[in-house]
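Visitor: need a structure here:
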Amino acid sequence: MSDKKYVFNDPSERMVTAIPQMDTAESITNRNNMFRKELAEVINRHNQEWGPSTPDFILADYLIHCLRAYTKATVWNKAWHSEDGVPQAWREFGPQEGDL
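Guide: Next up, the predicted model:
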């Protein structure tokens, strides 16, 4: 998980209200690319591409897609079991990219 950056309204006040900043699309893309690269390196380092001789970056992309599919399934499952068909996270934050 990433550390949240906070903007302080008035640092001179004794009680300071912290407001978390939203990640930018660029920072999310950079983080995703770094994860994909590191995952491919781990697969390569442990020789896990040996079976079907699939390149490590293809296996990394496959695993990332599996994680995204699992996330979608979890959201849909929560919606199915909620009273109004809307997941709690959507009530608070709205649907996120890839949820639908």
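Visitor: quick one: low-confidence parts of the protein?
Guide: 1-21, 85-100 (pLDDT under 70).
Visitor: for it, which segments count as helices?
Guide: 25-45, 56-81, 88-93 (DSSP state H).
Visitor: got the ones you listed as TSV, with mean neighbour count columns?
Guide: In this view, the C-beta of every residue, glycine as well, is placed from N, C-alpha and C. Formatted as TSV, these follow (neighbours: other CB atoms under 10 Å):
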stretch	mean neighbour count
helix 25-45	13
helix 56-81	13
helix 88-93	11
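Visitor: contacting residues around the closest residue to residue 64 other than its chain neighbours?
Guide: Using CB to CB, 6 or more residues apart in numbering and skipping the chain neighbours, the partner closest in space to residue 64 is residue 36 (6.2 Å). Counting by CB atoms under 8 Å, 6 or more residues apart in numbering, residue 36 touches 57, 60, 61, 64.
Visitor: and the residue nearest to the third one when sequence neighbours are not counted, how far from residue 59?
Guide: On the basis of CB to CB, 6+ apart, the spatially nearest residue to residue 61 that is not a chain neighbour turns out to be residue 36, at 6.8 Å. Going from residue 36 to residue 59 by CB to CB, to the nearest Å gives 11 Å.
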